[in-house]
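Visitor: return a 3D structure for these sequence lines:
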Amino acid sequence: MPQIGWLEILSVIVIAILILGPKEFPVALKKIGIYIKKIKGTLNNLQREVSSVTKEIDFEENNNLKDNKTKKDIDKNG
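Guide: Model (predicted):
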């Protein structure tokens, strides 16, 4: 996996300042930060939803296994 060093980061920042200008650069950084925050929030929500669904599925499977075991025990004893 390629690694990004400080020189590359500094180069990108300098080029961005030259292209956007010193007045627009902070505005662009703020917008990028807002987009990253939205993406992180969306990914966190997605992860929570997937976790809750998998927990529900596991819970249902465990209940089904317990019910089957109980029925088998009743059949053996009854």
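Visitor: tell me where the model's unsure across this structure.
Guide: Applying pLDDT under 70 to the chain flags residues 1, 65-78.
Visitor: where is the longest helix in it?
Guide: helix 24-77 (DSSP state H).
Visitor: that one - contacts with which helices or strands?
Guide: In terms of contacts (3 or more CB pairs under 8 Å, 6 or more residues apart in numbering; DSSP states H and E), helix 24-77 is packed against helix 6-20. Where C-beta positions appear, they are placed from N, C-alpha and C, glycine not excepted.
Visitor: now the helix it packs on and helix 24-77, what's the angle there?
Guide: If you take axes from the mean of the first three to the mean of the last three CA atoms, to 10 degrees, helix 6-20 sits at 120 degrees to helix 24-77.
Visitor: who touches helix 6-20?
Guide: The contact list for helix 6-20, computed with CB atoms under 8 Å, 6 or more residues apart in numbering, reads 25, 28.
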